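K.L.:
sequence plus predicted model, see below.
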Amino acid sequence: MHISSEKTEIKQWWQLHFPADGLPGYRGSFNEAREELSALLTDAVKLRLRADVPVAAYLSGGLDSSATTALIKNVASGSLRTFSIGFEDDEFDETSFQQEASAYLKTRHTPFTCKKDDIGYYFPQVIWHSEIPILRTAPVPMFCLSKKVRENNIKVVITGEGADEMLAGYDIFKETIIRNFWSRQPHSKYRPLLLNKLYPYLAQFKGRNQAMLKLFYGYKLEETSSPFYSHLLRWKNTSNIISYFSGDMHAAINGHDSIKEAGKLLHKDFNTWNKLSQAQWLEITIFMSGYLLCSQGDRMAMANSVEGRYPFLDYRVMEFAATLPPDYKMHGLDEKYILKQMMQGQLPDSILKRPKQAYRAPVSKSFMTEKPPAYVEEMIAPEALKKTGLFNIEKTQKLLSKIKTSQLVSEMDNMALSGILSTQLLHSQFINKNATFSLPTQLSNCHRIIDQRT
């Protein structure tokens, strides 16, 4: 931003760029690329170890955090403290992998279990710090983890964010490849079955329900020319929340087209890139910057005065990864292939070869309990919904009834619940200036005093 007496001018300082499809990016062999990635990441870790306080690391049990921890051990002498978060529910828990990685890398490990009740209890504080509505509860355990880290007098942690985006680790990238493959024979019985392997944790797809699978993943299957092909399905599912808006909200939106707006963000060379690069750019620009680092990364760490540092997001690592041929990153359907090859012999095979497990946290189970947190009923009661005027009361009550009585709660139901509840909390905290459910008692009292003075 350049400010003068005449005007204020804003220009973009840095932007990620991918080579055009079919044109050479990185010109070396795979082995040379692997060695160069190793050197870049090692230097990125060295830079992020510079501090006048002890630096710890998050260790989730996945490849990314295990790799950064291993690199720290390679370049820094002395004992390394690591921290991890686990869950009561096996569906979300990775504790066994965390313990194995810690034992293999010989770290001083502190595990922490986030209970369903913890998520319900801390959710308002997370909304206070994120300052935006959220459709998942995943930021809450990260808030709890940074709280645990701060209680152990650690102020700086190194984490693995960015590896999935830069090295094609997310299932959405595999999903795009499979959907594109399926689109060439849209009536094939067998091609969509490849999708069964991606999301084994989604209850609605257990039992290989092919009809539901085709209905769910077949959305705009043949629109492969769309610049947003990789994300159309996800955005459709997320946009389900709009159906819960009140009449006034629908009138205010007035047919606003978010995808059309997203088109204005595209890089000028976007249409020249291959499908994987396009998907990566969208994920990095929209999801990682707009959500992951904001509501789940930086803000949840800084809520407890912990600084997060991200070697995979070193600009040199990002620029190098962008030049790599797609096959170096997504080898068939083997994600982060070059990183796995780079870490051979430095991590146990159980970590290197384990399937990608998306980081998730319970939603409805955290709010719809026998003794729900006090704020839940207050925020989503018909009177509260009527007062804010944001959501359709009847439809919201039907959603709550379904969640309370049904054995099968879909991901879209969970997103709707989280979105409605977080928005109602946000309205209470920042519009009505009600800090009752925002902060611990001491800080809440301070907030009231400041409010009175201002």
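P.N.:
Okay, I see it.

K.L.:
what about residue 221, neighbour count?
P.N.:
17 (other Cβ atoms under 10 Å). All C-beta atoms are positioned from the backbone trio N, CA, C, and that covers glycine.

K.L.:
could you find the closest non-adjacent residue to residue 185?
P.N.:
Counting by Cβ to Cβ, 6 or more residues apart in numbering, residue 185 lies nearest to residue 191, which is 6.0 Å off, once chain neighbours are set aside.

K.L.:
er, residue 115 actually
P.N.:
That would be residue 88: by Cβ to Cβ, 6+ apart, it lies 5.6 Å from residue 115.

K.L.:
burial count for the one you found?
P.N.:
15.

K.L.:
and residue 112, by the same measure?
P.N.:
18.

K.L.:
also residue 237?
P.N.:
Counted with other Cβ under 10 Å, residue 237 comes out at 16.

K.L.:
do the one 5 residues further on as well
P.N.:
Residues contacting residue 242 under the criterion other Cβ under 10 Å number 14.

K.L.:
doesn't it belong to a helix?
P.N.:
Yes - counting by DSSP: H, G, I helix; E, B strand; the rest coil, residue 242 is part of a helix.

K.L.:
quick one: contacts for it?
P.N.:
250, 253 (Cβ atoms under 8 Å, 6 or more residues apart in numbering).

K.L.:
for the longest helix anywhere in the chain, which positions count as buried?
P.N.:
Taking DSSP state H as the criterion, the chain has its longest helix at helix 30-48. Within helix 30-48, the residues that count as buried by 16 or more other Cβ atoms under 10 Å are 30, 33-34, 36-38, 40-41, 43-45, 48.

K.L.:
what does stretch 82-94 give?
P.N.:
Buried-residue list, stretch 82-94, by 16+ other Cβ under 10 Å: 82-87, 92-94.

K.L.:
closest to residue 280 out of those residues?
P.N.:
residue 94 (24.5 Å; Cβ to Cβ).

K.L.:
pretty sure residue 54 contacts residue 82?
P.N.:
No - the criterion here is Cβ atoms under 8 Å, and residue 54 misses it with residue 82 at 11.9 Å.

K.L.:
in the protein, which helix or strand is least confident?
P.N.:
In the chain, the helix or strand scored least confidently by mean pLDDT, DSSP states H and E is helix 441-453, which has a mean of 44.

K.L.:
what are the pairing partners of the helix or strand immediately after the longest helix of the chain in the chain, and which direction each?
P.N.:
Per DSSP states H and E, the first helix or strand lying C-terminal to helix 30-48 is strand 55-58. Neighbouring strands of strand 55-58 in its sheet, by DSSP bridges, are strand 81-87 (parallel), strand 156-158 (parallel).

K.L.:
which one of those strands lies closest to residue 185?
P.N.:
strand 81-87 (39.9 Å).

K.L.:
identify the residue nearest the spatially most central residue of the chain in space, chain neighbours excluded?
P.N.:
The chain has residue 292 as the residue nearest its centroid, 4.4 Å off, counting by Cα atoms, centre = their mean. Excluding the flanking residues, the one nearest residue 292 by Cβ to Cβ, 6+ apart is residue 161, at 6.8 Å.

K.L.:
for the one you found, what are its contacts?
P.N.:
64, 288, 292-293, 297, 308, 310, 312-313.

K.L.:
and what of residue 83?
P.N.:
Residue 83 neighbours (Cβ under 8 Å, 6+ apart): 56-59, 109-112, 145, 148-149, 152, 154, 157.

K.L.:
can you tell me which of those are buried?
P.N.:
For the contacts of residue 83, buried by 16+ other Cβ under 10 Å: 56-59, 109-110, 112, 145, 148-149, 154, 157.

K.L.:
helix, strand, or coil at residue 215?
P.N.:
Residue 215 is classified as helix under three-state DSSP.

K.L.:
from the contacts of residue 83, pick the one nearest residue 284.
P.N.:
residue 58 (20.3 Å).

K.L.:
report the beta-bridge partners for the closest one.
P.N.:
Bridge pairing for residue 58 - DSSP bridges - gives residue 83.

K.L.:
that one touches residue 160, doesn't it?
P.N.:
Yes - with contact defined as Cβ under 8 Å, residue 58 counts as touching residue 160 (7.2 Å).

K.L.:
now residue 119. Its backbone dihedrals?
P.N.:
The phi/psi pair for residue 119 (degrees, to the nearest 10) reads phi -60, psi -40.

K.L.:
which pLDDT value goes with it?
P.N.:
pLDDT recorded at residue 119 is 90.

K.L.:
what separates it from residue 361, distance-wise?
P.N.:
With the distance defined as Cβ to Cβ, to the nearest Å, residue 119 ends up 6 Å from residue 361.

K.L.:
and residue 275, by the same measure?
P.N.:
Residue 275 is 30 Å from residue 361, by Cβ to Cβ.

K.L.:
which one's more surrounded, these two?
P.N.:
residue 361 (22 against 16).

K.L.:
OK, contacts around the closest residue to residue 92 other than its chain neighbours?
P.N.:
Distance criterion Cβ to Cβ, 6+ apart; nearest residue to residue 92, sequence neighbours excluded, is residue 360 at 5.6 Å. Contacts of residue 360 were listed using Cβ under 8 Å, 6+ apart, and they are 91-92, 136, 138, 201.

K.L.:
I'd like to know how many residues surround the closest residue to residue 322 other than its chain neighbours.
P.N.:
Among residues not flanking residue 322 along the chain, residue 18 sits closest, at 5.0 Å (Cβ to Cβ, 6+ apart). Other residues near residue 18 come to 23 when the count uses other Cβ under 10 Å.

K.L.:
and if you look at residue 369?
P.N.:
13.

K.L.:
go ahead and confirm it touches residue 116.
P.N.:
Yes - assessed by Cβ under 8 Å, residue 369 is found in contact with residue 116 at 7.0 Å.

K.L.:
mind checking the end-to-end distance for stretch 324-341?
P.N.:
14 Å (Cα to Cα, to the nearest Å).

K.L.:
show me the shaky parts of the stretch 201-350 of the chain.
P.N.:
The model of the stretch 201-350 of the chain has pLDDT under 70 over residues 201-210, 212.
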